[in-house]
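>>> Mind looking at a prediction? Sequence and model below.
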Amino acid sequence: MSVFTYDPDPPRVSSPWMKLNDSGKDESRHLGSEVFESPRQPGSGLLSDYGVTKLHAEPQDGPTEYKLHLLLRPRRVFMRMSTTNKSRHGRLKSSVPSPAASSQPRQQRLEHLTTQLLWRLQQSSPYHLSSSKELALPKLPDDNVDLTAPVKLSKLVPGLEESRGALYEIGVADDGTLVGLTKDEMDESITTLRVMAASLGCTVDVCRRVIVGDCEWAEFTELIDSNVVLPDEVIRSGKLWVAEALVMPYLGLINGGNRESSTTCTKHSAAENIAMPSRGSSSTPQLRVTFTGPTTSGKSSLLGTLSTGILDNGRGNSRLNLLKHRHEMVTGVTSSIAQELIGYKDQSILNCSHGNIESWIDIHDCSEGGRLVFVSDSAGHPRYRRTVLRGLMNWAPHWIILCLAADDTEIATKSQGVSNHLGVSAGGVDLVKAHLTLSLKLDIPLAVVVTKMDIASKMSAHKITNKVLSAVKEAGRVPKILRPDQNIGGDLTRVPDDDSAKVKDLLKGITEGGNLTEIVPIAFSSAVKGSGIGLLHALLENLPLPPTPTARDYIGMALNPEQPKCLFHIDDTFSLSASYGNLSNGSGEMAGLDIVVSGHLRFGQFSVGDKIVVGPFPPEDDEPRELTPEGRQSPSSYGLSISHPSSAELARIAMKNAVSASAIAGEWHDAQIVSIRNLRLPVSTLEAGQAGSIGLNIRPLATRSQNGNINHTAVAEIPRIRRGMILAIPSKHMADTGLKLQAASGFTAVFEDPDIHTLAAGSFVNIYIASIRTVARIRRISHRDNGWDAGAEYTGEMEEIFNLNDESDLNNVRNESDQRKGGVEMGLELLHHREWIEMGSRVILLEGGSQDKSGLEGFVGKVVEIVD
């Protein structure tokens, strides 16, 4: 399950009255615009106006609820009701409403009705997760509270920010029979509904009132003459009404960035509101980790055991919840990115095995004062190398955990078998070396986990450990082996004290040295036997976090007038229904595109209501594209070769890129943030370095009519948002001077890899920068300084696997790293899109793969110049 998983088309708030009127038409039609956009005064109508005598039966699921009444007392006894076949005759003892039965006092019934309303509201939310901790209802009025008094809204219950509301049909039986209520009973029921809604932070709009019949009942006159023993009986008559009411979350008004909220339950236009969650931002430290490694190395099974507390059965049972596609279950090969959230607090492991945890929001709650670890599981097969790079780059992990199978003697055979099944030959390719080399080149803190120790021979374990140690030392880092425990199974709900002490002792050297990449922890595990699982939990709980990212991390204090104030990299997009009322602007202008984007906040701070820019989009004169989320590549496009553009296409791109960036119209669109979720938790602010999803309303660019006047209401197509774009808040300097963000048509990068000389000018390469993946052409290559002087290679023999931690290695590695200098400066031209690239950011350059390569043989460099 993805961190951003939600139902893109939840049950719609659809009036059963409209379904009857529009029989034969699309029954998925939403409740009319008069409700969502500008609720009108409820009209009084006759049942004959609708031509119906009964509604469809109440749906068991969905946001529609039928209630005979919402009275907190028993109903009066009627002598006759035209809407039912039952009539009651005879003298009535009293016309005064009697109190509710002792089995269900007034307060208890109100709580029951409110819980029912909460469930109906959650049915129309695209996010079905809620916190068991936060589902406790707010304090409800006491028995002596006057329900007719003005109602004050409570804080909106977390999880209802994206709810589209709930529809109540009052006076209607569960089977759809229109029973009806007298006017006073209807008014009292609607008042009760307002109290229920206010306790959840919602408001009520009555959409329609319909007369469905008439009734008679008996009342008694007051005793005036004391000599009269019995009061006179008076027969009363009245109309029977049914009503339809829409309950909507009150989301708080935002006007020019100043957040104001009304405390009274008054009518408001939902179109003028923007979601204001009850939380500011998550203060729990969050560690982002990516599991990477060759196919069949047990990454998904290991993560499944860590996140569920269930040992694997040796056939991948623990990973089933992580798989998204049927072919992944059939082949056992992961092709997509899956995420899990694990919490830690005082050595307690807070995952799905915990009794009080049902969702990620529960993990947030239980981890307050501890730590959250957001783990991404990526693919490992060369065919899905794009997914491998996406996990390493798009999510900007704080740590990489490289998983390598201990049964190294069988790796080649397994890889060949899987490759043949997928139709891509990987025979003779050392996937272990390819993944290990790439992970070390990225200069990201790295830990290595040797998996499948339960089926590995001693020779095989020695072989894979030797390979890891040699590669780590050759890369200028210090390997540190964590001696595995001998416990089988054990308690998977707490981090063992011994494991925690081992990890803290090892990590002490990292924190004291201040360089998170200098030491590489190496652990051993088995997801079947459970050995080493406690050690991995101890690692995840204690791995040091990097400092909070800032806009100066890459360029230092150098002045960059085009650096935005806040920057968010888009990794994926999700469409929302255009009728999602609380995302419309209601200002008379044309409503824009409602969309959710996911990714991470590189630096700065995003809050609900912030006005931002989105882009870069293709120029307006480019061929328009369909307004959909990120287009998916066909399965055949995941080969190892690069699609080379034709010469005509290159000429067109060159001419387009020759235009000044300031002259390109439509490259940036204005938008407003309407909702934020930090790892599924509704928040009002996303802090620097955090990952999450952001709901946007993107405004189309104003068009000009033939007479030159600006037309804000004309239909203008908004190009699709794609992976690699950014959300940004321009800096104050840019706002004051009118500067705009400048997208790049090319860039210059520096690479310090001796093998970079194998590339030649004019070659086509794949490049990865942040969430950008595109094709570029090498325009020029030049050498800097004296090139590269390789350090001494480690050739020492090992006697035992677990006795290789040499304290002198640290000084040797530092001396070797000082010998690295110089490099190659390379100018590249983007071929598909103009992109926004941050100065100083990391870039990965991959050649077009071949049958004798893994496709992961890349070069890592740094962007030093932007070409617009």
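Structure's in. What do you need?
>>> that's a helix at residue 567, yeah?
No: per DSSP: H, G, I helix; E, B strand; the rest coil, residue 567 lies outside any helix segment and is strand.
>>> what's the neighbour count on it?
Number of residues near residue 567 (other CB atoms under 10 Å) recorded here: 23. From N, CA and C alone the C-beta is placed, and that goes for glycine too.
>>> Spit out the contact partners of it.
By CB atoms under 8 Å, 6 or more residues apart in numbering, the contact list for residue 567 reads 551, 601-604, 726-728, 838.
>>> Mind checking which of the residues you listed are buried?
Burial by neighbour count, 16 or more other CB atoms under 10 Å: within the contacts of residue 567 this picks out 551, 601-604, 726-728, 838.
>>> hmm, back to that, out of the contacts of residue 567, which one sits closest to residue 233?
Closest approach between these and residue 233, by CB to CB: residue 727, at 71.5 Å.
>>> Domain parsing of the protein, as residue ranges.
45-213+239-252, 286-544, 566-620+665-741 (automatic domain parsing).
>>> May I see those domains organised as a markdown table, with mean pLDDT and distance to residue 555 added?
Below are the domains of the chain laid out as a markdown table (pLDDT from 0 to 100; distance: least, CB to CB, whole Å):
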| stretch | mean pLDDT | distance to residue 555 |
| --- | --- | --- |
| domain 45-213+239-252 | 79 | 37 |
| domain 286-544 | 84 | 17 |
| domain 566-620+665-741 | 79 | 12 |
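>>> Make TSV out of the buried ones among the contacts of residue 567 and add secondary structure.
Formatted as TSV, those follow (three-state DSSP):
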residue	secondary structure
551	coil
601	strand
602	strand
603	strand
604	coil
726	strand
727	strand
728	strand
838	coil
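>>> which pair in the residues you listed spans the largest distance?
Pairwise distances across those peak at 14.6 Å for 551 and 727 (criterion: CB to CB).
>>> these two touch, right, residue 572 and residue 691?
No: shown here, residue 572 and residue 691 do not form a contact pair, counting by CB atoms under 8 Å, at 11.3 Å.
>>> Could you tell me which residues touch both of those two?
Listed as contacting both residue 572 and residue 691 by CB under 8 Å, 6+ apart are 598-599.
>>> higher neighbour count, the two?
Neighbour count, other CB under 10 Å: between residue 572 and residue 691, residue 691 has more, with 26 against 20.
>>> From what I see, that one and residue 373 are in contact.
No: using CB under 8 Å, residue 691 is not in contact with residue 373; the gap is 11.9 Å.
>>> Common neighbours of these two, please.
Joint contacts of residue 691 and residue 373 (CB under 8 Å, 6+ apart) are residue 286.
>>> packing partners for the helix or strand hosting residue 675?
For residue 675, the host element (DSSP states H and E) is strand 669-678. Counting contacts by 3 or more CB pairs under 8 Å, 6 or more residues apart in numbering; DSSP states H and E, strand 669-678 packs against strand 606-607, strand 611-615, strand 681-683, strand 685-686, strand 691-698.
>>> now the second one and strand 669-678, what's the angle there?
So that's strand 611-615. Per axes from the mean of the first three to the mean of the last three CA atoms, to 10 degrees, the angle that strand 611-615 makes with strand 669-678 is 100 degrees.
>>> Note down every partner strand of the helix or strand containing residue 206 and its orientation.
Counting by DSSP H and E, the element that carries residue 206 is strand 202-220. Sheet pairing for strand 202-220, assigned by DSSP bridges, gives strand 43-46 (parallel), strand 78-81 (antiparallel), strand 233-249 (antiparallel).
>>> and that strand, which residues are buried?
Buried, per 16+ other CB under 10 Å, within strand 202-220: 202-213, 215, 217-218, 220.
>>> next one: stretch 510-524
510, 516-524.
>>> Just the ones in strands from the residues you listed, please.
Under the assignment DSSP state E, the buried residues of stretch 510-524 contribute 519-524 to strands.
>>> Contact partners for residue 839?
Counting by CB under 8 Å, 6+ apart, residue 839 touches 554-555, 560, 563, 863-866.
>>> So how do I select the buried members of the residues you listed in ChimeraX?
Restricted to buried positions by 16+ other CB under 10 Å, the ChimeraX selection for the contacts of residue 839 reads:
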select :554,560,563,863,866
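>>> Low-confidence ranges, the stretch 701-850 of the chain, go.
Under the criterion pLDDT under 70, the flagged ranges of the stretch 701-850 of the chain are 701-718, 784-822, 848-850.
>>> At which residues are the strands of it located?
Taking DSSP state E, counting those that start in this stretch, the strands of the stretch 701-850 of the chain run over residues 703-704, 710-711, 726-729, 746-751, 764-769, 772-784, 823-830, 842-846.
>>> got it, and the stretch 51-200 of the chain?
64-67, 78-81, 166-170.
>>> Repeat that for the stretch 401-550 of the chain.
446-451, 478-481, 519-524.
>>> which other residues reach the last one?
The one in question is strand 519-524. 406, 446-450, 453, 461, 465, 468-469, 472, 477-482, 484, 503, 506-507, 509-510, 513, 531-532, 535-536, 539.
>>> Give me the sheet partners of it and which way each runs.
Partners of strand 519-524 in the sheet, by DSSP bridges, are strand 446-451 (parallel), strand 478-481 (parallel).
>>> Residue 719 and residue 593: what is the separation?
According to CB to CB, to the nearest Å, residue 719 and residue 593 sit 10 Å apart.
>>> on that earlier part again, buried deepest among the strands of the stretch 51-200 of the chain, which one?
The highest average neighbour count among those, using mean count of other CB atoms under 10 Å, belongs to strand 166-170 at a mean of 25.
>>> hang on, the earlier thing: next, format the helices and strands packed on strand 669-678 as CSV and append distance to residue 743.
CSV is the format used below for the helices and strands packed on strand 669-678 (distance: least, CB to CB, whole Å):
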stretch, distance to residue 743
strand 606-607, 21
strand 611-615, 7
strand 681-683, 30
strand 685-686, 24
strand 691-698, 17
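>>> Quick check: which of the ones you listed is nearest to residue 188?
Among the helices and strands packed on strand 669-678, strand 681-683 comes nearest to residue 188, with 33.6 Å by CB to CB.
>>> Now do the closest one: which elements does it pack against?
Short answer (3+ CB pairs under 8 Å, 6+ apart): strand 681-683 packs on helix 360-366, strand 669-678.
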